[in-house]
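Enquirer: Okay, here's the prediction I keep looking at, along with the sequence it came from:
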Protein chains: 2
Amino acid sequence: MMKSLPLAKVYQLIEPGPVVLLTTARRGRPNVMTPNVMTMSWHMMVEFEPPQLACIVSSANYSFAALKSTGECVIAIPAASLAPEVVKVGNRSGRDVDKFAAFGLTPVPSKRVKPPLVAECFANLECKVIDTRLVNSYNLFVLEVVQAWIDPRRKNPKTIHHHGYGRFAVDGRMVTLKSRMR
Amino acid sequence: MMKSLPLAKVYQLIEPGPVVLLTTARRGRPNVMTPNVMTMSWHMMVEFEPPQLACIVSSANYSFAALKSTGECVIAIPAASLAPEVVKVGNRSGRDVDKFAAFGLTPVPSKRVKPPLVAECFANLECKVIDTRLVNSYNLFVLEVVQAWIDPRRKNPKTIHHHGYGRFAVDGRMVTLKSRMR
């Protein structure tokens, strides 16, 4: 279902600033990893290749402890059609509910990290935390993408961009200009 | 022309991930500050209020030395109609050309920092560098917005989002969903 995406192309997914989902896994009962998922808009690229990015995961989020202790996450990119589920994920905490089950999202085993992919997302990035120096001051994690997946059946998916309080801009027309920028 | 924007609303401009311009100022002849402008897509919010954000300015960019030495910049947000100029700014270096003059952009004095606002942009954020711990490793600067401006004549401006090699998605329709997210 998911096809491996060359790591050099990862930036083309993150650079446009889509709302994403972030999955983590925390150890529950012995040898049982419990996945969680949150909604995130505060992220950016840091380096093209190997693809590195930064994100803010608030210490108020249930995902914070899992990300900090395991050093692993998956960034999953939803298309606009998944916006209702994305908002529901953002409205609830993994402290109270299994958000995968509650909102019809399907966790799929990753290849290189414990947190799951999200089957309903058109792209999934398996990430490892590589720098925590700014975690205490700003909840800022630097991540490296170690494996990327794309759903080849989804052509030109439109992403969503949060403008605050549940208002999202959906990608509209594409324009191409002669550019020397990568 | 530009109206002061409450700092608490700054995140609604940056969170959606628009391509932005970044201006800096470097000292040329005694007491003469020379402005420069670059195109940037690698940025994210870090904190709501005071608004803090992070960005990557490559040490290969002419702006890097000015940002590092002065600790000041302006982030100016262009609407889609300015895309041709945004790409031209991205294609050239301030080493070789005065990009304001060459591409018809108008520098306007800022209130709290030396780098100028860009008159043609619908929003301008005056920023000071507050953390340089990740500059050496990742060219990552943490900024605080100390003054924000919005052009009240521009209603619902559409921004652009870079997908690589000069391809941009223009904001399309807006959707609003019942959200507890700020």
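Expert: Perfect, thanks for sending it.

Enquirer: List the contacts of stretch A:93-108.
Expert: A:2, A:21, A:23, A:35-38, A:61-63, A:85, A:88-89, A:92, A:116-120 (C-beta atoms under 8 Å, 6 or more residues apart in numbering or on different chains). The way it works is simple: take the backbone N, C-alpha and C, and place the C-beta from them, glycine included.

Enquirer: Could you tell me the end-to-end distance of that stretch?
Expert: 20 Å (C-alpha to C-alpha, to the nearest Å).

Enquirer: That stretch: which residues count as buried?
Expert: By 16 or more other C-beta atoms under 10 Å in any protein chain shown, the buried positions in stretch A:93-108 come out as A:Gly94, A:Lys99, A:Phe100, A:Phe103, A:Leu105, A:Pro107, A:Val108.

Enquirer: do stretch A:147-160 as well
Expert: Under 16+ other C-beta under 10 Å, the buried positions of stretch A:147-160 are A:Gln147, A:Ala148, A:Trp149, A:Ile150, A:Asp151, A:Pro157, A:Lys158, A:Thr159, A:Ile160.

Enquirer: thought A:Tyr62 was touching A:Thr34?
Expert: No: contact criterion C-beta atoms under 8 Å: A:Tyr62 and A:Thr34 do not qualify, at 10.8 Å.

Enquirer: In terms of packing, which of the two has more residues around it?
Expert: A:Tyr62 (17 against 14; other C-beta atoms under 10 Å in any protein chain shown).

Enquirer: Point me to the residue sitting closest to the centre of chain A.
Expert: In chain A, the residue lying closest to the centroid (C-alpha atoms, centre = their mean) is A:Ile75, at 2.1 Å.

Enquirer: give the contact list for that residue.
Expert: Residues in contact with A:Ile75, defined by C-beta under 8 Å, 6+ apart, are A:14, A:20-22, A:40, A:43, A:53, A:55, A:124-125, A:127, A:143, A:145.

Enquirer: What is the nearest of the residues you listed to A:Ser179?
Expert: Nearest to A:Ser179, judged by C-beta to C-beta, of those is A:Ile14 at 18.1 Å.

Enquirer: Quick one: mean pLDDT over stretch A:144-156.
Expert: Averaged over stretch A:144-156, pLDDT sits at 95.

Enquirer: now stretch A:109-118
Expert: According to the model, stretch A:109-118 has a mean pLDDT of 97.

Enquirer: And it, how far out from the chain middle?
Expert: Its chain's average C-alpha position is 12 Å from that of stretch A:109-118, according to C-alpha atoms, centre = their mean, to the nearest Å.

Enquirer: Can you list the buried residues in that stretch?
Expert: A:Ser110, A:Val113, A:Lys114, A:Pro115, A:Pro116, A:Leu117, A:Val118.

Enquirer: Now tabulate the residues you listed in JSON lines and tack on secondary structure and distance to A:Ala79.
Expert: Shown next, in JSON lines, are the buried residues of stretch A:109-118 (DSSP: H, G, I helix; E, B strand; the rest coil; distance: C-beta to C-beta, whole Å):
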{"residue": "A:Ser110", "secondary structure": "coil", "distance to A:Ala79": "20"}
{"residue": "A:Val113", "secondary structure": "coil", "distance to A:Ala79": "23"}
{"residue": "A:Lys114", "secondary structure": "coil", "distance to A:Ala79": "25"}
{"residue": "A:Pro115", "secondary structure": "coil", "distance to A:Ala79": "20"}
{"residue": "A:Pro116", "secondary structure": "coil", "distance to A:Ala79": "18"}
{"residue": "A:Leu117", "secondary structure": "strand", "distance to A:Ala79": "15"}
{"residue": "A:Val118", "secondary structure": "strand", "distance to A:Ala79": "12"}
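
Enquirer: Now the two most distant members of those.
Expert: Spatially, the most separated pair among the buried residues of stretch A:109-118 is A:Lys114 and A:Val118, at 14.4 Å (C-beta to C-beta).

Enquirer: Look up how far A:Pro152 lies from A:Ser4.
Expert: 10 Å (C-beta to C-beta, to the nearest Å).

Enquirer: One more: A:Lys9?
Expert: A:Lys9 sits 13 Å away from A:Pro152, going by C-beta to C-beta.

Enquirer: Likewise for A:Met45?
Expert: A:Met45 is 23 Å from A:Pro152, by C-beta to C-beta.

Enquirer: Identify the bridge partners of the residue nearest to the centre of chain A.
Expert: As for beta bridges, A:Ile75 partners with A:Leu22, A:Leu125 under DSSP bridges.

Enquirer: Leaving out the residues flanking it, which one is nearest to the residue of chain A found nearest chain B?
Expert: Using C-beta to the nearest C-beta, the single residue of chain A nearest to chain B is A:Gly17, 1.2 Å away. Closest residue to A:Gly17 apart from its sequence neighbours, by C-beta to C-beta, 6 or more residues apart in numbering or on different chains: B:Gly17 at 1.2 Å.

Enquirer: That neighbour against A:Val20, yeah?
Expert: No: using C-beta under 8 Å as the test, B:Gly17 is too far from A:Val20 to be in contact (10.5 Å).

Enquirer: Mind listing the shared neighbours of the two?
Expert: Shared contacts of B:Gly17 and A:Val20, defined by C-beta under 8 Å, 6+ apart, comprise A:Ser41.
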